[in-house]
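need a structure here:
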Amino acid sequence: MKFRRNPRFTTSLLIFMMNIFVSRTFTCRRAEYVFGDECCPMCPIGTRVKTDCEEDKSTSCQPCREGTFMNKMNGFKLCFPCRECGAGSALKMKTSCTIRSDTVCEPLEGFYCSEFTGYDCFEAKKHRRCEPGEYISQRGTSSTDTVCSTCSDGTFSDGTFTSCQNHKQCESENRELLRAGTKTEDAQCGDIPSDRTGLIVGVVVVVHLALVLVLTAWCYRKKIKSCLNRSKNL
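Below is the predicted model of the structure:
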């Protein structure tokens, strides 16, 4: 049994296939968007589509609602929600959201931006804290972390210094070295110089003997004067 080819069916099928091909390759100009088989004018920045265009009228636009924005020409029915700089993200608001631009965030004090796009920060980390024996060679900023460096021999730092400090030189101060300095602590010196202790003791003894001699002489002189006065009275 043979089937006869129906010309009307063939024509309809051809038109259907052409429509599919045309719809797939259908494009609009740069400032337009596709709506059905129409190219509608896009809405400007800060607005969204209220109603799409029709054959006899253009696209109707309206401003974004509070808390939303649109930063490009568009054919969208909804604006984008404004971003929030959450307290738990170590970020704070730098520039508030408008209908034309999103919120811009920046790191809190003591943090730096570890992930950003352009001038907007999306993630922040706490500045590194230098350990004892290290010094702050470069302070952290809102975009860079703190840089720490190790102290050299003969110097020390508790981790908060911007440069390592030299150890005390007890010997040059004629003081006794009680504990040598390390990279984390300064040297400890005695209050009384060890090489002058004997001298001080000697001086104290001499002063004491001198006072005794002066006192003895004074008493002896007073006694002689008293005897002379008695002989005159006789």
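
which residues does the residue positioned nearest the centre of the chain contact?
Most central in the chain under Cα atoms, centre = their mean is F111, positioned 2.9 Å from the mean C-alpha point. Listed by Cβ atoms under 8 Å, 6 or more residues apart in numbering, the contact set of F111 reads A90, A124, K125, K126, H127, S142. Just so you know, the C-beta spots here come from the backbone N, C-alpha and C atoms, and that holds for glycine as well.

wait, the last one sits on C105?
Right, S142. No: S142 is not in contact with C105 according to Cβ atoms under 8 Å; the separation is 11.0 Å.

who has more neighbours, the two?
C105 (24 against 16; other Cβ atoms under 10 Å).

joint contacts of S142 and C105?
Residues touching both S142 and C105 by Cβ under 8 Å, 6+ apart: C121.

what about K168, how many residues nearby?
15.

so it: helix, strand or coil?
Secondary structure assignment for K168 (DSSP: H, G, I helix; E, B strand; the rest coil): coil.

nearest residue to it in space, please, no chain neighbours.
A187 (4.5 Å; Cβ to Cβ, 6 or more residues apart in numbering).

mind listing what the one you found touches?
Applying Cβ under 8 Å, 6+ apart, the residues near A187 are H167, K168, Q169, C170, L177, R179, A180, G181.

make CSV from these and add pLDDT and distance to E115 to it.
Converted to CSV, these look like this (pLDDT from 0 to 100; distance: Cβ to Cβ, whole Å):
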residue, pLDDT, distance to E115
H167, 94, 42
K168, 92, 46
Q169, 91, 48
C170, 91, 51
L177, 90, 51
R179, 91, 47
A180, 91, 46
G181, 90, 42
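
and the two most separated of the residues you listed?
Q169 and R179 (13.7 Å; Cβ to Cβ).

before we move on, the earlier item: and the contacts of F111, which two are furthest apart?
Considering Cβ to Cβ, no two members of the contacts of F111 lie farther apart than K126 and S142, which are separated by 12.4 Å.

phi and psi next, for L91.
Geometry field for L91 lists phi and psi as phi -120, psi 150, criterion degrees, to the nearest 10.

my guess is it contacts L108. True?
Yes: applying Cβ under 8 Å, one finds L91 in contact with L108, separated by 6.8 Å.

overlap in contacts, the two.
Once Cβ under 8 Å, 6+ apart is applied, the residues that L91 and L108 both contact turn out to be A124.

more crowded one of those two?
L91 (23 against 16).

where does this structure have low pLDDT?
Across the chain, residues meeting the criterion (pLDDT under 70) sit at 1-26, 87, 192-201, 218, 220-234.
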